[in-house]
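Engineer: Just a sequence and a predicted model for now, questions to come.
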Amino acid sequence: HGEAISLGVRAALYLSEKRADLPPTDTARLLHLHKHWGLPLILELDLRSDAIMTALARDKKFTAGGIRFVLLRQLGEAFVSDEVTEQDLIEAIEHVRTPM
């Protein structure tokens, strides 16, 4: 479960850069901490994006209007967004698959 959370944080940081203009330097700082703590940052399991989406659809983050994500505008400034689209999430999953 903790590994999934770590990968979800990387996805949320990607979405924060895309949707909330989080500075890449803030993303780099947080990912550096994850590396330092030995947390996974790359999705290495051979799971199709649609299978991940099906599993996520049962999560509380999915609402009738969209996908709820906590995003960052900058370090220390988080907000809840319902504007993350399914396409955004697929892109974030693919991003988490890529080596850093």
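Structural biologist: Yes, it's here.

Engineer: I52 against A92, yeah?
Structural biologist: No: judged on Cβ atoms under 8 Å, I52 makes no contact with A92 at a distance of 10.1 Å. (Glycine included, C-beta is placed from N, CA and C.)

Engineer: Please identify which of those two sits among more neighbours.
Structural biologist: Remark: of I52 and A92, A92 carries more neighbours, 22 against 16, as counted by other Cβ atoms under 10 Å.

Engineer: What distance do you get for the more buried one to G38?
Structural biologist: In this structure, A92 and G38 are 22 Å apart, going by Cβ to Cβ, to the nearest Å.

Engineer: so when I look at V70, I'm seeing a strand, right?
Structural biologist: Yes: according to DSSP: H, G, I helix; E, B strand; the rest coil, V70 belongs to a strand.

Engineer: mind listing what it touches?
Structural biologist: A12, A78, F79, V80, S81 (Cβ atoms under 8 Å, 6 or more residues apart in numbering).

Engineer: Of those, which is the nearest to P99?
Structural biologist: Closest to P99 out of those is A12 (18.8 Å), distances taken as Cβ to Cβ.

Engineer: State the next helix or strand along the chain beyond the helix or strand harbouring I67.
Structural biologist: Element membership for I67, per DSSP states H and E: strand 66-74. Next helix or strand after strand 66-74 toward the C-terminus (DSSP H and E): strand 77-84.
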